[in-house]
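Student: turn this into a structure:
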Amino acid sequence: MTTQRLGCVEAARILRISPQGAHLAMKRGFLRSVTINDRMKTTLEWIEEYIEGTKEMKRNSNRLRINGRKLFDNAKGFYSVKQAAEILNIPKEIIYRYVYYGYIRSDRFGKYHIIHENQFSKIAMLREFGRRTATQKAA
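Tutor: Next up is the predicted model:
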């Protein structure tokens, strides 16, 4: 019993991602694959495993733990950018912009920014200052 091997393009069509994304997932080991004649191949079973793994990752993303400790421990005042944006009722892109330009402090752990709640007042002040300057320019 042989299983059909699929290339990056076929896997990408099934996953609805770009062929480069499928190749990168195979290369990094997220999507199981074998190399045959310098071509990376995968199977339908491995694609299903990959899909289930990404679903599980999405379900657990709000419960991130590093060495047993919560990464975003709201009881201690640590929030993700998304959580901070929801609390302050502003787009998360604005918070990323403030972090990028150094207006507010954030700690970085891997790809995550950790915002402490004492920065919320600073964000509110920056938002008010931005509105004030916009109305002054209009007048």
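Student: SS state for Thr35?
Tutor: When classified by DSSP: H, G, I helix; E, B strand; the rest coil, Thr35 comes out as strand.
Student: please pull out the lowest mean pLDDT helix or strand from the chain.
Tutor: Least confident helix or strand of the chain, by mean pLDDT, DSSP states H and E, is strand 65-66 with a mean of 62.
Student: so which elements touch the helix or strand harbouring Thr54?
Tutor: Assigned by DSSP states H and E, Thr54 belongs to helix 44-60. If contacts are counted by 3 or more CB pairs under 8 Å, 6 or more residues apart in numbering; DSSP states H and E, helix 44-60 sits against helix 8-15. Where C-beta positions appear, they are placed from N, C-alpha and C, glycine not excepted.
Student: next, the angle helix 44-60 makes with the helix it packs on.
Tutor: Relative orientation of helix 8-15 and helix 44-60, computed by axes from the mean of the first three to the mean of the last three CA atoms, to 10 degrees: 50 degrees.
Student: how near is Asp107 to Asn118?
Tutor: Counting by CB to CB, to the nearest Å, the gap between Asp107 and Asn118 amounts to 12 Å.
Student: ditto for Arg13
Tutor: 48 Å.
Student: how is the chain carved up into domains?
Tutor: Domain segmentation of the chain under automatic domain parsing yields 8-61, 65-138.
Student: quick one: low-confidence ranges for this structure?
Tutor: Applying pLDDT under 70 to the chain flags the ranges 1-2, 57-70, 131-139.
Student: and the longest strand for it?
Tutor: In the chain, assigned by DSSP state E, the strand with the most residues is strand 112-116.
Student: what does that strand contact?
Tutor: By CB atoms under 8 Å, 6 or more residues apart in numbering, the residues outside strand 112-116 that reach it are 64, 71-72, 77-81, 84, 95-96, 99, 104-108.
Student: sweet, I'm off.
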